[in-house]
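Novice: This is a predicted model, with the sequence first.
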Amino acid sequence: MMQLPITPLTQENFAPFGDLIDWRQAEHFLINAGTTQRFHCLAEVNTGAEDGRAIISIFRKPQADSLPLRVTLLERHPQGSQAFIPLNAQPFFILVAPATEGSKPDLHQLKLFLSDGQQGVNYAAGVWHHPLIALQDGDCFLVVDRQGDLANCDEYTLEAHLELWIPALSASTDTLCVHDSNA
């Protein structure tokens, strides 16, 4: 059994995978006759190829993911970035692996982050990640990503003998257990 700690979600720790979107740590300036704080350019949208354009969507999870969560799938978007910004200020998990040249993620480089609900992320193009892991029923996220003619979602299904589990949260739980059933 291998354990993967929950890495603190900071810009420095998340930089290999993209941008941390956290308005609380950003510089701002006043607009609209001094009535509004603008936290400008928290992340850049990468639409990649010439046919791409940035789109804004809402993703809603009617039911929270049950913990512990068995991880069976990772995905990546090779043509552009994908940002997730929580709308309900609820914590959520982020499971990522660096971009790779081939068609498989490097599972030895997986990182697990926990957003405090005020932090969003912008996955860099090609970064492997688990689909949205919401911890509260009805949680909503503003999503900014790429739409275009080129295929922009690769999926990798974990082999049957490899099981990754995200534990239930408790005061003493801060790891992701990785179990290889062939061991």
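Specialist: Done, it's in. Owing to the predicted nature of the structure, the values given are computational and were not obtained by experimental measurement. Numbering: from 1, shown residues only.
Novice: Please report the distance of the residue sitting furthest away from the middle of the chain from residue 40.
Specialist: Distance from the C-alpha centroid of the chain peaks at residue 33, with 35.5 Å (C-alpha atoms, centre = their mean). The gap separating residue 33 from residue 40 is 17 Å, by C-beta to C-beta, to the nearest Å. Any C-beta I mention is one placed from the backbone N, CA and C, and that applies to glycine too.
Novice: Pairing partners for the residue nearest to residue 71 when sequence neighbours are not counted in the sheet, please.
Specialist: Once flanking residues are discounted, residue 71 sits nearest to residue 164: 3.7 Å by C-beta to C-beta, 6 or more residues apart in numbering. Beta-bridge partners for residue 164, by DSSP bridges, are residue 71, residue 178.
Novice: wait, residue 164 sits on residue 105?
Specialist: No - using C-beta atoms under 8 Å, residue 164 is not in contact with residue 105; the gap is 11.0 Å.
Novice: can you pull out the helices in this protein?
Specialist: 11-14 (DSSP state H).
Novice: where does it have its least confident helix or strand?
Specialist: Sorted by mean pLDDT, DSSP states H and E, the helices and strands of the chain end with strand 175-180, the least confident at a mean of 59.
Novice: Residue 169 touches residue 67, doesn't it?
Specialist: Yes - assessed by C-beta under 8 Å, residue 169 is found in contact with residue 67 at 6.7 Å.
Novice: Find residues that contact each of these two.
Specialist: Contact criterion C-beta atoms under 8 Å, 6 or more residues apart in numbering; residues shared by residue 169 and residue 67: residue 135.
Novice: Ignoring the adjacent residues along the chain, who's closest to the residue nearest in space to the middle of the chain?
Specialist: The centre of the chain sits closest to residue 94, judged by C-alpha atoms, centre = their mean, with a distance of 4.4 Å. Leaving aside its sequence neighbours, residue 94 sits nearest to residue 113 (C-beta to C-beta, 6+ apart; 4.2 Å).
Novice: Distance-wise, check that neighbour relative to residue 155.
Specialist: Taken as C-beta to C-beta, the span from residue 113 to residue 155 is 21 Å.
Novice: Same check on residue 20?
Specialist: The value you get for residue 20 to residue 155, if C-beta to C-beta is used, is 25 Å.
Novice: ok, now residue 127?
Specialist: 14 Å.
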